[in-house]
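Student: this one's sequence-less:
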């Protein structure tokens, strides 16, 4: 559910009551206090509470309440945490009735000081790729005498140390890019967020060129049994990949006198970068170079807050030195974001944003199908600037704010690509519609929670279903994935209600419109392999409040209507969808 209508209601109330807003105070449509999650909910809901006593050596009673809108047999519940030992059972298996709820508790002992998290996970069995479940995580800091909510983060926790790879390392040779030929992309930004900022008043000396490569460990493969992705504690599953479209900041370490910013470069689709500089030292002294790779570009960034404060990883000082010989070149080597980094998920999120932005310009570049169309007729004509706010211990909620084009993610959200891409889908729809006031009417009437497989409203199912669809199309994956390990298979649609008031049905329709596999019922085929172009073109013709209106606009484009209607009826199973 969008936060826009809540914000407008609040503004109307403020005006009606004559409340004055002090100058400099910014009203935000992000939630305050209670958080209303925007991402779709599965039939299973988890609530978690922790009652700690003392600090290190103390104990806590952890209670997990699990409820469900459907009956689920063999539902597995677990309470897990780090820096603790368990004093009682922390795993259970049971059958939950439709509309039922059960509570489970465990006692744990805090065995060490530092940041820690507590998670309750409830997962049902896998039925043809659909696995309903939920998880909730709370974050704490354990000291010698107390346990406090939230993590104790350093002042510059967005700053992280990189590691140097051996040029002959086997994983480096196997680190292939998931992105292919070049398309117009963003530009690098400088540390202050401006585009292509250059050193001020550089002293003309000999010119030296630097180059290097950057990599990161992607989240890797998904566990076939559980459907869960790799975590920072399960590094064997991770895949080394080039860090693409990352701003590279070059500095000369001057020690106590302050470092000289030399300029900004940009990694290409294989993680390579290069930059030539002139020595800013008036005395011609040597440069003690270090490099930072930032999760930032002119289109998007991953920051610690709603303002510009991107995550970055830095090399050691002396990565390369200055040569007074004009034309000299230095290779700084291959550096990578360590798979042990607390902020590794910021790199995952940035790569997801890169994939999504590439897809919007050419949906056949990422996970391409050779038989699919290879040209784009629709030109994206709107600004792509957005920001993603994430911290490893965020419990703020998962949502997109219209006022500042910011995507907000919770701490565990980046474990899958669905949450980020879903919120990015709201950003795309907002830009295609052209103004907040033109957002689908009634979107504020989305139930909270709104269920992926359940009935909401036509307006809610349309706006949320479009966002769900991009979470399938961009990674080319028919499974919508939650960080809990829950999945919804949009091919089989096990347990989905019927009609166009179900967001999962809208998402499955877009998926089958581009999916060439026929897994229909026999009555209707469900493969069409339409172009993503046509989806975007239909947005240009009118701003729709629900899916039936969008269908009218889309078929007026003269596309392949009959098989598209069959796929639509296979998924939505509703009347009212006709062809000319």
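Tutor: Structure received. What you see is a predicted model; the values in this text were computed from it and never measured. Numbering: from 1, shown residues only.
Student: And for residue 578, the neighbour number?
Tutor: A count of nearby residues for residue 578, using other CB atoms under 10 Å, gives 10. In short, each C-beta sits where N, CA and C put it, glycine included.
Student: for it, what are its contacts?
Tutor: With contact set as CB atoms under 8 Å, 6 or more residues apart in numbering, residue 578 has these partners: residue 565.
Student: How much space separates it from residue 552?
Tutor: Using CB to CB, to the nearest Å, residue 578 is found at 10 Å from residue 552.
Student: Residue 87 too?
Tutor: 62 Å.
Student: same thing with residue 315?
Tutor: Computed as CB to CB, the residue 315 to residue 552 distance reads 55 Å.
Student: Over to residue 413?
Tutor: Per CB to CB, residue 413 is found 35 Å from residue 552.
Student: Return the distance of the helix or strand where residue 261 lies from the chain's centre.
Tutor: Under DSSP states H and E, the secondary-structure element containing residue 261 is strand 260-266. Mean-position distance between strand 260-266 and its chain equals 27 Å (CA atoms, centre = their mean, to the nearest Å).
Student: Show me the strands paired with it, marking each as parallel or antiparallel.
Tutor: Taking DSSP bridges as the criterion, strand 260-266 sits next to strand 247-252 (antiparallel) in its sheet.
Student: which residue is nearest the middle of this protein?
Tutor: Against the mean C-alpha coordinate of the chain, by CA atoms, centre = their mean, the closest residue is residue 420 at 2.5 Å.
Student: residue contacts, the closest residue to that residue other than its chain neighbours?
Tutor: Taking CB to CB, 6 or more residues apart in numbering as the measure, residue 420 lies nearest to residue 352, with 4.8 Å between them; neighbours along the chain are not counted. Residues touching residue 352, when contacts are defined by CB under 8 Å, 6+ apart, comprise 414, 417, 420, 421.
Student: The longest strand along the chain versus strand 247-252: what angle between them?
Tutor: As assigned by DSSP state E, the longest strand anywhere in the chain is strand 207-218. Counting by axes from the mean of the first three to the mean of the last three CA atoms, to 10 degrees, strand 207-218 lies at 130 degrees to strand 247-252.
Student: returning to what we had before: what are the neighbouring residues in contact with the residue nearest to the centre of the chain?
Tutor: For residue 420, the set of contacting residues under the criterion of CB under 8 Å, 6+ apart consists of 349, 352, 353, 356, 388, 407, 409, 413, 414.
Student: Narrow the residues you listed to those in helices?
Tutor: When helices are assigned by DSSP state H, the members of the contacts of residue 420 inside them are 349, 352, 353, 356.
Student: Just put those residues in JSON lines and tack on pLDDT.
Tutor: Written out in JSON lines, the entries for the ones in helices among the contacts of residue 420 read as follows (pLDDT from 0 to 100):
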{"residue": "349", "pLDDT": "96"}
{"residue": "352", "pLDDT": "94"}
{"residue": "353", "pLDDT": "95"}
{"residue": "356", "pLDDT": "91"}
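Student: and those residues, which are buried?
Tutor: Restricting the ones in helices among the contacts of residue 420 to buried positions leaves 349, 352, 353, 356, with burial counted as 16 or more other CB atoms under 10 Å.
Student: Let me have those residues in JSON lines, extended by distance to residue 331.
Tutor: Formatted as JSON lines, these follow (distance: CB to CB, whole Å):
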{"residue": "349", "distance to residue 331": "29"}
{"residue": "352", "distance to residue 331": "29"}
{"residue": "353", "distance to residue 331": "28"}
{"residue": "356", "distance to residue 331": "32"}
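Student: I'd like to know which of the contacts of residue 420 is nearest to residue 77.
Tutor: Distances from residue 77 to the contacts of residue 420, taken as CB to CB, are shortest for residue 413 (21.2 Å).
Student: wait, the closest one sits on residue 391?
Tutor: No: Residue 413 sits out of contact with residue 391 when judged by CB atoms under 8 Å, with a separation of 10.9 Å.
Student: And this structure, what are its domain boundaries?
Tutor: Residue ranges for the structural domains of the chain, counted by automatic domain parsing, are given in the record as 51-149, 184-342, 362-391+398-572.
Student: Could you give the number of residues near the closest residue to residue 296 other than its chain neighbours?
Tutor: Counting by CB to CB, 6+ apart, residue 310 is the residue found nearest to residue 296 once chain neighbours are left out, at 4.0 Å. Using other CB under 10 Å, residue 310 is surrounded by 24 other residues.
Student: Residue 52 pairs with what?
Tutor: Beta-bridge partners of residue 52, counted by DSSP bridges, are residue 60.
Student: State the distance from it to residue 87.
Tutor: Applying CB to CB to residue 52 and residue 87 gives a distance of 13 Å.
Student: and what of residue 515?
Tutor: As defined by CB to CB, residue 515 lies at a distance of 50 Å from residue 87.
Student: For residue 155, what is the enclosing helix or strand?
Tutor: Following DSSP H and E, there is no helix or strand that holds residue 155.
Student: and if you look at residue 553?
Tutor: Residue 553 belongs to helix 547-555 when assigned by DSSP H and E.
Student: Report all helices and strands that the helix or strand following that helix contacts.
Tutor: As assigned by DSSP H and E, the chain's next helix or strand after helix 547-555 is helix 561-572. For helix 561-572, the elements it packs on are helix 503-514, helix 547-555, judged by 3 or more CB pairs under 8 Å, 6 or more residues apart in numbering; DSSP states H and E.
Student: what angle separates the first one from helix 547-555?
Tutor: When the same axes, to 10 degrees is applied, the directions of helix 503-514 and helix 547-555 differ by 10 degrees.
Student: now helix 503-514 against helix 561-572, angle please.
Tutor: Inter-element angle recorded for helix 503-514 and helix 561-572: 150 degrees (by the same axes, to 10 degrees).
Student: hang on, the earlier thing: next one: the residue nearest to residue 420 from residue 419, what distance?
Tutor: 9 Å.
Student: for residue 535, same thing?
Tutor: Taking CB to CB as the measure, residue 535 falls 21 Å from residue 419.
Student: So for the two, which sits in the more crowded spot?
Tutor: For the pair residue 535 and residue 419, the greater number of neighbours falls to residue 419 (27 against 23), based on other CB under 10 Å.
Student: could you say what helices and strands the longest strand of the chain packs with?
Tutor: On a contact count with 3+ CB pairs under 8 Å, 6+ apart, strand 207-218 meets strand 239-242, strand 247-252, strand 272-278, strand 288-294, strand 328-337, helix 344-361.
Student: Paired strands for that strand, with orientation please.
Tutor: According to DSSP bridges, strand 207-218 has these partners: strand 239-242 (antiparallel), strand 272-278 (antiparallel), strand 328-337 (parallel).
Student: What residues sit buried inside the last one?
Tutor: In this case it means strand 328-337. With the criterion 16+ other CB under 10 Å, strand 328-337 contains buried residues 330, 332, 333, 334, 335, 336, 337.
Student: Same question for stretch 506-513.
Tutor: Counting neighbours by 16+ other CB under 10 Å, one finds that the buried residues in stretch 506-513 are 506, 507, 508, 509, 510, 511, 512, 513.
Student: Can you list the low-confidence ranges for the stretch 1-150 of the chain?
Tutor: 1-37 (pLDDT under 70).
Student: 80 instead?
Tutor: Scanning the stretch 1-150 of the chain for pLDDT under 80 picks out 1-38.
Student: Repeat that for the stretch 451-580 of the chain.
Tutor: Applying pLDDT under 80 to the predicted model, the residue ranges of the stretch 451-580 of the chain that meet it are 515-531, 533, 540-541, 559-560, 569-570, 573-576, 580.
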